[in-house]
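Novice: below are the sequence and a predicted model; questions follow.
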Amino acid sequence: MKKKVISRALLGFPVGILIGYVITILISLLFAKGHYSPCVPELVEAMGNEIHAVILQAVLSGLLGSAFSASSIIWEMENWSIAKQTGIYFVVTALVMMPVAYALNWMEHSFTGFVKYFGIFIIIFIIIWFIQYMFWKKKIEQINSKL
């Protein structure tokens, strides 16, 4: 199992960077008025220049990818209930996501900013969880109907 976690983490790192990069493109398309905005201005200011900010964002996006990918092993714990799997996966991913989001200035550095960002995280988590649940439920029903 350790090997599986490590291999997923290693694969998740470049995937995290890729997803982070795609998100910067989408945000730039929506909000940057024809310019490419690789990271938030507050991060550039905090890091001293844009290249240092982009490097930090790439590394921490890779870390997010590694954490989400490695922790996906939780869903393979067949002796755990879906509630236990969901709870542990949520805690693990939130414990990585929130400090990274704070460090990269993806959230306002205040209690209100934290609560808002955490709320968005919860909503996205629930939506993705529900979609996956429905997908696998349908797959299982199809398999059972063939038996």
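Specialist: All right, it came through fine.
Novice: and residue 39, how far is that from residue 99?
Specialist: Counting by C-beta to C-beta, to the nearest Å, the gap from residue 39 to residue 99 is 17 Å. Every C-beta, even on glycine, is put in place using the N, C-alpha and C of the backbone.
Novice: comparing these two, which residue is more hemmed in?
Specialist: Neighbours per residue (other C-beta atoms under 10 Å) separate residue 39 from residue 99, with residue 39 holding more: 21 against 12.
Novice: so what's the more buried one up against?
Specialist: Residues counted as contacts of residue 39 (C-beta atoms under 8 Å, 6 or more residues apart in numbering) are 24, 50, 53-54, 57, 104-105.
Novice: what pLDDT is listed against the residue positioned nearest the centre of the chain?
Specialist: With distances taken as C-alpha atoms, centre = their mean, the residue of the chain nearest its centroid is residue 64 (5.6 Å). On the pLDDT scale, residue 64 is placed at 97.
Novice: phi, psi of it?
Specialist: phi -60, psi -50 (degrees, to the nearest 10).
Novice: shouldn't it be in contact with residue 100?
Specialist: Yes: between residue 64 and residue 100 there is a contact under C-beta atoms under 8 Å: 5.6 Å.
Novice: wait, what's in contact with residue 75?
Specialist: Counted by C-beta under 8 Å, 6+ apart, residue 75 has contacts 85, 89.
Novice: if we go to 6 Å?
Specialist: Taking C-beta atoms under 6 Å, 6 or more residues apart in numbering, we find residue 75 in contact with residue 85.
Novice: that one: what secondary structure?
Specialist: helix (DSSP: H, G, I helix; E, B strand; the rest coil).
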